[in-house]
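> let's see this in three dimensions:
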Amino acid sequence: MKQRLITGIIAGAVFLGLCFMGGLWYHLLVLAMSLIGFYEFARMTKIAPFGGTAAIGYLGVLMFVFPWNLLDITFPFSWEHVIWLVMLLFLFVTVFSKNKTPIGQVSLLFLASIYIGMGFMYIAESRSTPDGHGLFWTFLLLASIWASDAGAYFVGRKLGRTKLWPAISPNKTVEGAVGGVVIAVLTAMIFALLSNGLLPYGNALLIGIACAVIGQLGDLVQSAYKRVYGIKDSGSLLPGHGGILDRCDSWIVVFPFVHILSLLPY
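Alright, predicted model coming up:
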């Protein structure tokens, strides 16, 4: 418990401090987190994390998360083109290896490059939105996700009776999930109240629901594939907390979701 607390304080201070500063250093931190996340995914799916095939996945993640705009570099491709090119490179591997690298393996790595790359891309970009309020939007989403986690945990412990999805995560309950939604919505509403009109209450309601529902589903997604591979944590980078994917499983689905649905009013 002591190790978990110390790790949480140090990691939280570094992340939130750089997030508050913003700019290139924060973006580089998110980039490093994304590459570590891809390493964890490759490793836990029994794929050589530093092999030639995995290198294509790192390249895909790098193209998504690299701070092109902050360095005034014009990115030569659209994101649709990046996805297609990464897919093509992975498919070429199956040919050049004469099927020693099977389609199932490259499919997993391709999935990971999109799942992790786009997730962390939106985490980084949320801090540098064109309206200049990126810090507010980032803290809004993080606080709502954390509130959902805390609400689900404490309400589940106190009132939880009905198992939510025991085959995937035996400790989660329906009552806890509902509690997480309520607390996340209340948190988003507080941000709206303090925003001086920047965040309409209608958007806050939708953001709170999205952070809770999509965030909890993101947690279940990772619980599902960790159960398939028989592991408890995606990595050991953060003692007592697991790996980057363990800590960011909700983030990398919530941030893209709210941007794609244009829930942030900027």
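> other SSEs contacting the lengthiest strand in the chain?
Ranked by number of residues, the top strand in the chain under DSSP state E is strand 169-173. When contacts are defined as 3 or more C-beta pairs under 8 Å, 6 or more residues apart in numbering; DSSP states H and E, strand 169-173 packs onto helix 134-159, strand 163-165, helix 201-228. The way it works is simple: take the backbone N, C-alpha and C, and place the C-beta from them, glycine included.
> my guess is C19 meets M33, correct?
No - using C-beta atoms under 8 Å, C19 is not in contact with M33, being 11.7 Å away.
> take the helices and strands packed on strand 169-173 and write them to TSV, including distance to A124.
TSV is the format used below for those (distance: least, C-beta to C-beta, whole Å):
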stretch	distance to A124
helix 134-159	10
strand 163-165	31
helix 201-228	17
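> and the ones you listed: which comes nearest M44?
helix 201-228 (7.1 Å; C-beta to C-beta).
> show me what the closest one packs onto, helices and strands only.
Using 3+ C-beta pairs under 8 Å, 6+ apart, helix 201-228 sits against helix 134-159, strand 169-173, helix 174-194, helix 251-260.
> quick one: name whatever helix or strand follows it.
Next along the chain after helix 201-228, taking DSSP states H and E as the criterion, comes helix 244-248.
> which secondary structure elements does that next one contact?
Against helix 244-248 (3+ C-beta pairs under 8 Å, 6+ apart) you get helix 23-44, helix 103-126.
> and the shortest one, what does it pack against?
Which is helix 23-44. helix 2-21, helix 52-65, helix 103-126, helix 244-248.
> can you list the buried residues in stretch 77-84?
82-83 (16 or more other C-beta atoms under 10 Å).
> from the chain's centre, how far out does that stretch sit?
20 Å (C-alpha atoms, centre = their mean, to the nearest Å).
> can you tell me the closest non-neighbouring residue to L140?
Take L140 and drop its neighbours on the chain: the residue closest to it by C-beta to C-beta, 6 or more residues apart in numbering is F191, 4.8 Å away.
> which one is I252 nearest to, not counting chain neighbours?
G119 (2.6 Å).
> what is the neighbour count of the one you found?
27 (other C-beta atoms under 10 Å).
> so where's the stretch 51-200 of the chain shaky on pLDDT?
Nowhere does the stretch 51-200 of the chain drop to pLDDT under 70.
> go again with 80.
Scanning the stretch 51-200 of the chain with the threshold set as pLDDT under 80 gives 99, 160-161, 165-170.
> Y58 is in contact with L35, isn't it?
Yes - in this structure, Y58 is within contact of L35 by C-beta under 8 Å, at 6.2 Å.
> and stretch 214-227, how far from the chain's centre?
11 Å.
> contacts only, for R227.
Contacts for R227 (C-beta atoms under 8 Å, 6 or more residues apart in numbering) come out as I168.
> any idea how far it lies from W165?
Separation of R227 from W165 (C-beta to C-beta, to the nearest Å) stands at 11 Å.
> what kind of secondary structure is T129 in?
coil (DSSP: H, G, I helix; E, B strand; the rest coil).
> tell me how many other residues surround the closest residue to it other than its chain neighbours.
Leaving aside its sequence neighbours, T129 sits nearest to Y266 (C-beta to C-beta, 6+ apart; 5.3 Å). The tally of other residues near Y266 (other C-beta under 10 Å) stands at 13.
> what does V106 give?
Applying other C-beta under 10 Å, I find that V106 has 22 neighbouring residues.
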